[in-house]
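Asker: What follows is a predicted protein model with its sequence.
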Amino acid sequence: MAKDAIVSEETAKKFAKEKETPYTRWVKQEGLEIKDGIYQEDLNTIELKPWASRNGHGVFLNHDASRTSNDCYVCEIDPGEKLNPQRQLYEEMIMILSGRGSTEVWNEAGQKVSFEWQAGALFSIPLNTMHQHFNGSGTEKVRFVAVTNLPPIMNVYEDPDFIFNTPYDFKGRFSGEPDYFAPKEDVDGLMLLTNFVTDAVNLPLIEAKERGAGGGHIRFNLAKSSMNTHISQFPVGTYKKAHAHGPGAHVIILAGEGYSLMWPEGEEPKVYPWKPGTLITPPNMWFHQHFNTGTTPARYLAFKYEGVAIRNAQGVPKAWISRRVGGHQIDYADESQLVRTMFADALSEKGLESQMSDSYEAEKATLPPL
Ligand SMILES: [Fe+2]
């Protein structure tokens, strides 16, 4: 079991004043709760509270390093309703969990675009643009999940009026391009050059062997945000390589069934089961590994904040590089026997078998020597 690093009351009291931040005070002023962002079983059913300033319902989810990186919130719009218009000096990535509707985005110059979306859509709000979300149904609710870099911004400026009410157009981010939110198909490396994804659940992916087990992958830089997004998929009976990186990668399961292991170096892995709608946010430098125990490919979305990635001198994330050469990824050849036993047990409960032997074999071709 992971140790939770709890200290004495006496020591805790010395830091009591520092526990709250301008960001946490702002969330409370909004009348909302902050829940644990490391693991939430189902974002589709997580309880929300009325959010008067936005004319919706919401809950904030904070991982252990949220005060310096990014946060997450879930928001609902009632049938026939719309959120209040808003502009903000921080970035925001959104995935629609359920329902359908539209968003209008405009700037101080008066340039305006609007686009429609439904469950599975992905987009980002261009920095400091005015925007408003509309529920397009008179009977169904809309629910979305968003990851933002509000916490460090709020903690620096400590002034909601400045953050939400400064008229300024970042013209390099958005200048009213009519096709800004049109889905596009051009690809550069692993990057899909688009600001809008119609259906993240069914989007075709690009082959990426580096993370193990016949994986598909695709990356986005929505609305030229400094935060980034990717989707990964892995086949039935397989699992990805374990790796570790900085905090703030919000992993949202899009399809399939399985579990993740998470553990800090030197401790026993803990099991976190998942299904579509589960959120997993691996803590700073904890190893984590995703296992498909279902009968369909497993797919997840990750919303990340680039500020916490660790890369080598070539610009490659260390989480993609073998520990044998100084990276933060555990090769299959080096993983604990426990990992394989647990996976075999979980599969056999469902009458399935591991399909990993080809991946173990294929790894040998590129495995750095010990
Ligand atoms: Fe990861």
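Answerer: Yep, that arrived. Numbering: from 1, shown residues only.

Asker: Could I get the buried residue list for the helix or strand of the chain with the lowest mean pLDDT?
Answerer: Within the chain, confidence by mean pLDDT, DSSP states H and E is lowest for helix 16-19 among all helices and strands, at a mean of 78. Neighbour counts over helix 16-19 (16 or more other Cβ atoms under 10 Å) mark no residue as buried. For glycine as for every other residue, the C-beta is placed from the backbone atoms N, C-alpha and C.

Asker: I'd like the next helix or strand past it.
Answerer: helix 22-29 (DSSP states H and E).

Asker: What average pLDDT does stretch 362-370 get?
Answerer: For stretch 362-370, mean pLDDT is 90.

Asker: Just give me how far the least confident helix or strand of the chain sits from the chain centre.
Answerer: Put simply, helix 16-19 sits 28 Å off its chain's centre (Cα atoms, centre = their mean, to the nearest Å).

Asker: Which strands and helices lie in contact with it?
Answerer: Counting contacts by 3 or more Cβ pairs under 8 Å, 6 or more residues apart in numbering; DSSP states H and E, helix 16-19 is packed against no other helix or strand.

Asker: Could I get the full set of helices for the chain?
Answerer: Counting by DSSP state H, the chain has helices at residues 9-14, 16-19, 22-29, 150-157, 160-164, 337-348, 357-363.

Asker: the inter-axis angle of the third one versus helix 150-157?
Answerer: Taking axes from the mean of the first three to the mean of the last three Cα atoms, to 10 degrees, one finds helix 22-29 and helix 150-157 inclined to each other by 110 degrees.

Asker: what's helix 22-29 in contact with?
Answerer: Here helix 22-29 makes contact (Cβ atoms under 8 Å, 6 or more residues apart in numbering) with 33-34, 60, 66-67, 71, 150-151, 154-155, 157-158, 160.

Asker: What is the neighbour count of residue 11?
Answerer: By other Cβ atoms under 10 Å, 9 other residues sit near residue 11.

Asker: Kindly apply the preceding question to residue 341 instead.
Answerer: 10.

Asker: Then the one 5 residues further on?
Answerer: As a burial measure, the neighbour count of residue 346 was computed by other Cβ under 10 Å and equals 19.

Asker: Contacts only, for it.
Answerer: So residue 346 contacts 259, 291, 293 (Cβ under 8 Å, 6+ apart).

Asker: Next step: those restricted to strands.
Answerer: Here DSSP state E is the test, and these give 259, 291 as lying in strands.

Asker: ok, back up a step: name the nearest of the contacts of helix 22-29 relative to residue 11.
Answerer: residue 67 (18.8 Å; Cβ to Cβ).

Asker: I'd like the distance between the closest one and residue 29.
Answerer: 17 Å (Cβ to Cβ, to the nearest Å).

Asker: So which of the two has more stuff around it?
Answerer: Each of residue 67 and residue 29 has its neighbours counted (other Cβ under 10 Å); residue 67 has more, 19 against 10.

Asker: So that one sits against residue 21, correct?
Answerer: Yes. With contact defined as Cβ atoms under 8 Å, residue 67 counts as touching residue 21 (5.3 Å).

Asker: Now for those two: what residues contact both?
Answerer: 151, 155.

Asker: related to what we said a few turns ago, would you mind giving the contacts of residue 346 as TSV with neighbour count and distance to residue 275 added?
Answerer: Shown next, in TSV, are those (neighbours: other Cβ atoms under 10 Å; distance: Cβ to Cβ, whole Å):
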residue	neighbour count	distance to residue 275
259	21	10
291	26	13
293	22	11
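
Asker: export the contacts of residue 346 to a markdown table and tack on pLDDT?
Answerer: Shown next, in a markdown table, are these (pLDDT from 0 to 100):
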| residue | pLDDT |
| --- | --- |
| 259 | 97 |
| 291 | 97 |
| 293 | 97 |
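
Asker: any chance of the contacts of residue 346 in JSON lines, with distance to residue 123 too?
Answerer: Listed next are the contacts of residue 346 as JSON lines, based on distance: Cβ to Cβ, whole Å:
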{"residue": "259", "distance to residue 123": "30"}
{"residue": "291", "distance to residue 123": "30"}
{"residue": "293", "distance to residue 123": "31"}
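
Asker: between the contacts of residue 346, which is closest to residue 363?
Answerer: Of all the contacts of residue 346, residue 291 has the smallest distance to residue 363: 16.8 Å, by Cβ to Cβ.

Asker: I'd guessed that closest one sits against residue 260; true?
Answerer: Yes. Between residue 291 and residue 260 there is a contact under Cβ under 8 Å: 7.0 Å.

Asker: quick one: low-confidence ranges for this structure?
Answerer: Residue ranges of the chain with pLDDT under 70: 1-3, 209-214, 306-309.

Asker: Just give the closest residue to residue 205, not the sequence neighbours.
Answerer: The shortest distance from residue 205 to any non-neighbouring residue, by Cβ to Cβ, 6 or more residues apart in numbering, is to residue 216 (3.2 Å).

Asker: How many residues are close by that neighbour?
Answerer: Number of residues near residue 216 (other Cβ under 10 Å) recorded here: 17.

Asker: Next, work out how far apart it and residue 333 are.
Answerer: Following Cβ to Cβ, the distance that separates residue 216 from residue 333 is 23 Å.

Asker: Specify the beta-bridge partners of the nearest residue to residue 278 once chain neighbours are set aside.
Answerer: Distance criterion Cβ to Cβ, 6+ apart; nearest residue to residue 278, sequence neighbours excluded, is residue 253 at 4.6 Å. Residues in a beta bridge with residue 253, per DSSP bridges, are residue 300.

Asker: contacting residues around residue 253?
Answerer: Counted by Cβ under 8 Å, 6+ apart, residue 253 has contacts 274, 275, 276, 277, 278, 280, 298, 299, 300.
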